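Undergrad: give me the fold of what follows.
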Amino acid sequence: MSARPSVGWIGTGRMGYEMAARLARGGADVLAWNRTRAKAEPLAQCGAKVADRLSALAARDIVFCMVAAWKDVKQVMGELLAGKNQPRMVIECSSISLEGSAELRAMLAQRGIDYLAAPVSGNAKVIKAGKLSFVCSGPRKSFDEALPLLRMIAPAASYVGEGRVSSRSATTCSSAW
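TA: The predicted model follows:
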């Protein structure tokens, strides 16, 4: 990974906005996109750029996704991967099932894109307080590569192995801690 990878950010709702803002304020090269552009525009004050089209994020090194549900993840990933450019890695933080995560993992693997499932434990207030945590699964090298970015967003990022993790299992794990 280069010293400063380019980052794409999909989804600037309550959670996604705060997460992307932390990356941008931390000095990451962030290009954000949201279906409603007006929700992403305030990120410019944090140092992020705002994309007019989702396809612009495909040329980024790493793309984070934080949208509402699996059907939304599937739709934005289909659009992201429709062109000739593609990111090296996708970090999926949305609330999706194990089945959705497995389908996304297969979709990305067919294109040679690394996938890190990184569901979060917390909400927008937790992010603002600097106490968000990630529970990540995927290739260890992907986790290690993404860790500096994850730590810009949250102080805690746990690696749980190559297997699958969903937001449901992350919530279960975090409540047990």
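Undergrad: starting at the chain centroid, how far to stretch 39-48?
TA: Centroid separation for stretch 39-48 versus its chain: 17 Å, with C-alpha atoms, centre = their mean, to the nearest Å.
Undergrad: and the contacts of it?
TA: 9, 12-13, 17, 20-21, 23-25, 27, 30-34, 50-51 (C-beta atoms under 8 Å, 6 or more residues apart in numbering). C-beta: built from backbone N, CA, C; applies to glycine.
Undergrad: out of these, which are inside strands?
TA: Trp9, Val30, Leu31, Ala32, Trp33, Val50 (DSSP state E).
Undergrad: okay, the second one: pLDDT?
TA: Yep, that's Val30 we're talking about. On the pLDDT scale, Val30 is placed at 98.
Undergrad: would you confirm that it contacts Ala20?
TA: Yes - at 5.9 Å, Val30 counts as touching Ala20 under the criterion of C-beta atoms under 8 Å.
Undergrad: for the helix or strand harbouring Met15, buried residues please.
TA: If you go by DSSP states H and E, Met15 is part of helix 14-25. Across helix 14-25, burial judged by 16 or more other C-beta atoms under 10 Å covers Met15, Gly16, Tyr17, Glu18, Met19, Ala20, Ala21, Arg22, Leu23, Ala24.
Undergrad: and for stretch 109-121?
TA: So for stretch 109-121, counting by 16+ other C-beta under 10 Å, buried means Ile113, Asp114, Tyr115, Leu116, Ala117, Ala118, Pro119, Val120, Ser121.
Undergrad: tell me the mean pLDDT for that stretch?
TA: pLDDT averaged over stretch 109-121 gives 96.
Undergrad: contacting residues for Arg88?
TA: Asp61, Ile62, Ile113, Asp114.
Undergrad: how close does it get to Val63?
TA: 9 Å (C-beta to C-beta, to the nearest Å).
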